[in-house]
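*Asks:* Task: produce atomic coordinates for the following.
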Amino acid sequence: MRRRTGLVVVGVLALAWSEWLNWRWSRTLVGSGGGTADAVVVLGYRNPQARANAVNRWRVRAGIRSIPAGEAHATRLIFSGGAVGSGVAEARLMADHAKALGFDGPVLLEDRSTTTWENVANVIPLIEDAERIAIVSQPAHAFKARAYLRRRRPDLAARLVRADDYRPGEWALAKPLLALYGLWALRRLGADERRPSP
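*Replies:* Numbers count the residues shown, from 1 in each chain. A predicted model of the protein is given here:
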């Protein structure tokens with residue numbers, strides 16, 4: 001009985017820790033932004049099939065819900081990702097899924113990137129005139145992309161706003177693993193990049 005109780009306590013603590021960490025990452029390196037020329041950048045995930053996989057489908061939904069209410073036609077939704085896992089670019093697969101969900105706002109594709117660094121570098125021409133920029137992915141991955149944008153173009157990073165890619169309880173069972181992977185993936189970021197935004 002004690003062993004079972006101990007496992008439950010450890011499980012609850014792991015879930016709480018991973019929720020807190022993902023919440024924190026979703027709020028790091030973002031500001032309040034301003035203006036109306038929004039751009040929402042959705043980063044792709046390795047996709048070996050000829051249709052969007054579960055991760056990319058979720059990222060598309062998170063990208064669509066990151067668009068401010070009533071601004072679907074004034075906000076560009078940018079899908080970024082090349083043909084990493086199959087012959088079809090992740091950006092194309094995500095755009096097709098967005099269309100299947102009924103999204104009819106402006107969509108732009110960046111279909112050459114194979115790494116997060118390339119995602120950031122290749123979307124810059126598509127976001128340079130945006131006044132508010134949101135980057136959508138799992139929170140650790142989006143945080144890493146924001147850090148890369150700040151390194152490359154601090155002027156654009158100053159326009160970053162929070163995406164709606166963190167919700168309590170979403171991906172709950174996977175969040176402890178995502179948190180551990182996120183800590184590993186973010187290990188090379190500097191201390192100043194790890195601080196949550198005020």
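*Asks:* hmm, who's touching stretch 141-151?
*Replies:* 25-26, 28-30, 41, 43, 116-117, 119-120, 124, 133, 135-137, 156-157, 160, 163, 165, 182, 185-186, 189, 193 (CB atoms under 8 Å, 6 or more residues apart in numbering). Placement of C-beta: from N, CA and C, glycine included.
*Asks:* And the buried ones among those residues, selectable in PyMOL?
*Replies:* Those of the contacts of stretch 141-151 that count as buried under 16 or more other CB atoms under 10 Å are selected in PyMOL with:
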select buried, resi 25+26+28+29+30+41+43+116+119+120+133+135+136+137+156+157+160+163+165+182+185+186+189+193
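*Asks:* Among the contacts of stretch 141-151, which lie within helices?
*Replies:* 25-26, 116-117, 119-120, 124, 156-157, 182, 185, 193 (DSSP state H).
*Asks:* And the furthest pair within these?
*Replies:* Longest distance between any two of the ones in helices among the contacts of stretch 141-151 is 24.1 Å, between Ile124 and Gly182; criterion CB to CB.
*Asks:* ok, so of the ones in helices among the contacts of stretch 141-151, who is nearest Val60?
*Replies:* Using CB to CB, Asn119 is the member of the ones in helices among the contacts of stretch 141-151 that sits closest to Val60, with 15.3 Å.
*Asks:* Verify the stated contact: the closest one with Arg112.
*Replies:* No: judged on CB atoms under 8 Å, Asn119 makes no contact with Arg112 at a distance of 9.5 Å.
*Asks:* Just the pLDDT at Gly85, thanks.
*Replies:* Looking at Gly85, its pLDDT stands at 74.
*Asks:* do the one 5 residues further on as well
*Replies:* Glu90 carries a pLDDT score of 96 in this model.
*Asks:* swap in Ala74?
*Replies:* 87.
*Asks:* How about the contacts made by the spatially most central residue of the chain?
*Replies:* Central residue of the chain (CA atoms, centre = their mean): Ser137, 1.8 Å from the mean position. By CB under 8 Å, 6+ apart, Ser137 lies in contact with 42-43, 45, 59, 145, 165.
*Asks:* make it 7 Å
*Replies:* Shown in contact with Ser137 (CB atoms under 7 Å, 6 or more residues apart in numbering): 43, 59, 145, 165.
*Asks:* Show me which of those residues is closest to Gln49.
*Replies:* Nearest to Gln49 among these, with distances taken as CB to CB, is Arg59, at 14.9 Å.
*Asks:* Which of the helices or strands spans the closest one?
*Replies:* helix 54-65 (DSSP states H and E).
*Asks:* where does Gly87 land in three-state SS?
*Replies:* Following DSSP: H, G, I helix; E, B strand; the rest coil, Gly87 is assigned to coil.
*Asks:* What is the burial count for the closest residue to it other than its chain neighbours?
*Replies:* If the residues on either side of it in the chain are set aside, Gly87 comes closest to Ala50, at 8.0 Å by CB to CB, 6 or more residues apart in numbering. Counted with other CB atoms under 10 Å, residues neighbouring Ala50 total 9.
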